[in-house]
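Colleague: missing the sequence, but the structure's below:
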């Protein structure tokens with residue numbers, strides 16, 4: 001419904017644009033070209049002939065002199081192609097409008113060319129391309145002081161529709177509010193209605209029901225003002241009925257079914273609604289749903305059947321699927337499992353044929369609950385379709401994010417180039433000297449800040465060294481104390497016992513009587529007891545060794561890497577070469593290695609959006625090589641060189657007499673690699 005409304009809106013706006021004839025130098029227009037424009041838009045003429053008239057118009061002006069009149073008729077050809085659903089021709093003509101505008105330094109024509117290109121791509125359901133051209137058109141409109149606020153608002157509103165189609169409701173809401181600020185300047189009722197209606201729909205998509213109702217009511221309140229823009233009473237009534245239908249759906253979600261029934265009945269009572277078969281069938285189906293959910297079974301299931309019959313007559317597959325799903329839910333509510341399965345199976349089959357993923361999911365979900373025979377099959381299909389939709393949604397979000405990023409980057413580069421050219425042209429000797437003086441002051445301040453930063457880092461390192469030495473002292477003290485305890489155990493207990501047993505055995509070894517044999521057995525048992533005591537001391541030693549091993553620098557690094565947490569739920573992996581002898585390295589060296597890895601991981605946590613990150617520490621040719629890699633959004637290293645974090649990484653690498661390399665591209669993750677000699 002939202003997409004149909006937008007296509008209708010775009011068609012009306014393009015037609016309105018076509019009616020604003022450009023002012024030309026000679027104050028007149030070519031009558032032959034005007035006739036081609038009118039003939040290409042007459043509904044009583046065969047479509048193929050209308051396309052031929054549009055072709056004649058476009059071909060006639062394509063080779064003309066590049067002036068305002070030529071660009072005007074070229075835009076008229078775009079509108080005619082679009083209204084005839086000739087989107088490929090519309091895209092070609094729109095790009096021609098942009099090229100002509102660029103050659104003539106006509107920013108407004110360039111913006112309109114981009115605007116029309118985006119509209120045409122949207123007509124083809126190519127939303128990512130549409131978004132790209134809408135964004136470029138918006139940037140040109142905003143920069144061009146002569147652009148109408150309404151042109152800017154329309155372009156932003158179209159972007160909002162693209163986000164709605166992609167299920168990005170929060171972004172849709174944000175863009176729709178932004179569009180409203182521009183469109184409110186002209187205060188046209190249709191513009192405000194479209195903004196309020198889209199804001200309400202995006203809030204509905206976010207389950208913010210109370211706010212959705214509020215904006216649907218605001219949209220409803222401006223419909224009466226459509227009369228000032230030439231709408232008939234019948235058209236106004238139909239718009240009100242459509243708005244009532246939207247509000248009713250939200251009230252059903254909120255469980256306020258009686259309120260929904262009241263609103264649906266008001267909509268059905270609007271003049272001319274019954275003649276609009278598609279809207280009438282939708283209202284009947286929604287009314288029937290609200291009725292049974294409220295416990296009112298009057299006129300049921302006849303309302304469902306009437307709605308389905310109208311939709312089948314219209315051959316509207318989406319409506320037929322919706323009716324079958326509603327009937328399935330109704331008979332499930334009535335505990336008529338056989339009929340429920342029948343209608344839901346039909347809905348599922350038609351949704352598959354129509355590639356309507358949302359209807360596939362809703363029908364599968366219900367079939368899984370009630371069809372015990374095929375439960376496993378429907379459950380597997382539901383999981384597969386749901387996972388596929390989530391993957392598509394994520395890819396769409398990533399694609400739109402890249403479009404925004406690339407557009408912003410290109411815009412920044414253009415602005416930087418323009419500033420550079422302006423600076424070169426306007427520079428003078430006095431300005432150069434002034435800038436040089438500022439640069440020297442800035443350079444000295446920067447150096448001073450760098451020295452302070454180095455001092456702070458040195459102080460931090462010294463504190464770390466002191467803590468490490470203090471910890472090492474505690475460990476050594478514990479070791480010494482443990483050695484003394486074990487020595488005492490061996491000397492005072494075990495050795496004395498062994499000595500006593502040895503003397504007694506030497507004394508009785510010379511005797512062979514029965515009493516001596518019994519005594520020897522007793523001493524053997526005592527030796528077994530001494531053996532157990534030695535084993536206990538041995539276990540104590542093993543436990544102490546394991547504890548000390550856990551305090552190694554390798555363990556500290558591994559724990560620091562794998563214990564990272566961030567809002568992206570990144571999985572962190574550590575691969576540290578066990579053959580590296582960290583004890584041979586100075587504490588300063590280890591601290592710098594630790595800090596470099598820590599800083600790289602911190603950047604991943606802040607900016608990457610990665611699902612996986614890996615830290616590899618290896619040893620090759622008397623060099624330690626550390627690599628920190630992620631599969632995140634990436635960045636442009638040249639633009640990030642001035643950051644404090646990257647400067648700190650470089651300084652720490654230099655302190656180790658090592659080499660630091662950073663490799664990254666937008667959308668392709670990032671790799672930080674540094675190596676230093678042992």
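Modeller: Thanks, I have the structure now. None of the values given here were measured: they were computed from a predicted structure.
Colleague: which non-adjacent residue is nearest residue 297?
Modeller: Leaving aside its chain neighbours, residue 297 sits nearest to residue 291 (7.1 Å; criterion: C-beta to C-beta, 6 or more residues apart in numbering). Bear in mind the C-beta positions are built from the backbone N, C-alpha and C, glycine included.
Colleague: is that neighbour in contact with residue 304, as I believe?
Modeller: No. The pair formed by residue 291 and residue 304 falls short of the contact definition of C-beta atoms under 8 Å, at 9.8 Å.
Colleague: neighbour count: those two, which is higher?
Modeller: residue 304 (25 against 22; other C-beta atoms under 10 Å).
Colleague: output the contacting helices and strands for whatever helix or strand the more buried one lives in.
Modeller: Element membership for residue 304 (DSSP states H and E) is helix 302-314. Judged by 3 or more C-beta pairs under 8 Å, 6 or more residues apart in numbering; DSSP states H and E, helix 302-314 is in contact with helix 277-294, helix 317-333.
Colleague: can you check which of those gets nearest to residue 131?
Modeller: helix 317-333 (24.1 Å; C-beta to C-beta).
Colleague: okay, buried residues for the closest one please.
Modeller: For helix 317-333, the neighbour count (16 or more other C-beta atoms under 10 Å) marks 317, 319-332 as buried.
Colleague: got a list of contacts for that helix?
Modeller: For helix 317-333, the surrounding residues in contact (C-beta atoms under 8 Å, 6 or more residues apart in numbering) are 278, 281-282, 285, 288-289, 292-293, 300-301, 304, 307-308, 311-312, 337, 339-341, 343-344, 346-347, 350-351, 353-354, 356, 359, 362-363, 366, 369-370.
Colleague: now restrict these to buried residues only.
Modeller: The buried subset of the contacts of helix 317-333 (16+ other C-beta under 10 Å) comprises 281-282, 285, 288-289, 292-293, 300-301, 304, 307-308, 311, 340-341, 343-344, 346-347, 350-351, 356, 359, 362-363, 366, 370.
Colleague: OK, contacts around the residue nearest to residue 297?
Modeller: Residues in contact with residue 291 (C-beta under 8 Å, 6+ apart) are 257, 261, 297, 298, 299, 300, 303.
Colleague: redo these as CSV? Include secondary structure, pLDDT and distance to residue 560.
Modeller: What follows is those, written out as CSV (DSSP: H, G, I helix; E, B strand; the rest coil; pLDDT from 0 to 100; distance: C-beta to C-beta, whole Å):
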residue, secondary structure, pLDDT, distance to residue 560
257, helix, 92, 56
261, helix, 92, 62
297, coil, 88, 65
298, coil, 90, 69
299, coil, 88, 69
300, coil, 89, 65
303, helix, 91, 65
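Colleague: between the residues you listed, which sits nearest residue 43?
Modeller: Taking C-beta to C-beta as the measure, residue 43 sits nearest to residue 303 out of the contacts of residue 291, at 34.5 Å.
Colleague: which of the helices and strands packed on helix 302-314 has the lowest mean pLDDT?
Modeller: With a mean of 86, helix 317-333 has the lowest mean pLDDT of the helices and strands packed on helix 302-314.
Colleague: ok, then the element right after that one?
Modeller: Next helix or strand after helix 317-333 toward the C-terminus (DSSP H and E): helix 337-354.
Colleague: low-confidence ranges, the stretch 451-600 of the chain, go.
Modeller: Scanning the stretch 451-600 of the chain for pLDDT under 70 picks out the ranges 458, 460-476, 478-497, 499-507, 510-512, 523, 526, 528-529, 531-533, 535-551.
Colleague: ranges for the strands of it?
Modeller: 571-576 (DSSP state E, counting those that start in this stretch).
Colleague: just to revisit the earlier point, can I have the buried ones of the contacts of residue 291 as a ChimeraX selection?
Modeller: Buried subset of those, written as a ChimeraX selection, criterion 16+ other C-beta under 10 Å:
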select :257,261,300,303
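Colleague: how about the contacts of residue 291 in CSV, adding distance to residue 67?
Modeller: Output for these, formatted as CSV (distance: C-beta to C-beta, whole Å):
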residue, distance to residue 67
257, 62
261, 61
297, 70
298, 68
299, 65
300, 66
303, 61
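Colleague: out of the contacts of residue 291, flag the one nearest to residue 121.
Modeller: Of all the contacts of residue 291, residue 121 sits closest to residue 303, with 39.8 Å by C-beta to C-beta.
Colleague: excluding its backbone neighbours, what's nearest the closest one?
Modeller: residue 288 (3.8 Å).
Colleague: same thing with residue 113?
Modeller: Among residues not flanking residue 113 along the chain, residue 98 sits closest, at 3.0 Å (C-beta to C-beta, 6+ apart).
Colleague: surely the one you found and residue 114 touch.
Modeller: Yes. In terms of C-beta under 8 Å, residue 98 counts as a neighbour of residue 114; the distance is 5.9 Å.
Colleague: so for the helix or strand harbouring residue 55, what's the average pLDDT?
Modeller: Assigned by DSSP H and E, residue 55 falls within helix 47-62. Here helix 47-62 scores 90 as its mean pLDDT.
Colleague: before we move on, the earlier item: which other residues reach the helix holding residue 304?
Modeller: Applying C-beta under 8 Å, 6+ apart, the contact partners of helix 302-314 are 277-278, 280-282, 284-285, 287-288, 291, 319-320, 322-324, 326-327, 330.
Colleague: if you set the cut-off to 10 Å instead, what comes out?
Modeller: If you take C-beta atoms under 10 Å, 6 or more residues apart in numbering as the criterion, helix 302-314 is touched by 274, 277-278, 280-289, 291-292, 299, 301, 316-324, 326-327, 329-331, 343.
Colleague: contacting residues for the closest residue to residue 227 other than its chain neighbours?
Modeller: Excluding the flanking residues, the one nearest residue 227 by C-beta to C-beta, 6+ apart is residue 236, at 6.5 Å. Going by C-beta under 10 Å, 6+ apart, residue 236 touches 189, 223, 224, 225, 226, 227, 270, 271, 272.
Colleague: and residue 236, how close does it get to residue 225?
Modeller: 9 Å (C-beta to C-beta, to the nearest Å).
Colleague: same question for residue 321.
Modeller: Residue 321 sits 36 Å away from residue 225, going by C-beta to C-beta.
Colleague: now do residue 90
Modeller: Taking C-beta to C-beta, one finds residue 90 at 31 Å from residue 225.
Colleague: which one of those two has more residues nearby?
Modeller: Regarding residue 90 and residue 225, a neighbour count based on other C-beta under 10 Å identifies residue 90 as having more, with 27 against 16.
Colleague: so what's the more buried one up against?
Modeller: Residue 90 neighbours (C-beta under 10 Å, 6+ apart): 14, 54, 77-84, 116-117, 119-121, 123-124.
Colleague: check residue 574 too.
Modeller: Here residue 574 is in contact with 554, 557-564, 597, 613-617 (C-beta under 10 Å, 6+ apart).
Colleague: buried subset of those residues?
Modeller: For the contacts of residue 574, a burial check counting by 16+ other C-beta under 10 Å picks out 557, 558, 560, 561, 564, 597, 613, 614, 615, 617.
Colleague: residue 286: how many residues sit nearby?
Modeller: 24.
Colleague: in this structure it contacts residue 249, no?
Modeller: Yes. Residue 286 is within contact range of residue 249, at 6.6 Å (criterion: C-beta atoms under 10 Å).
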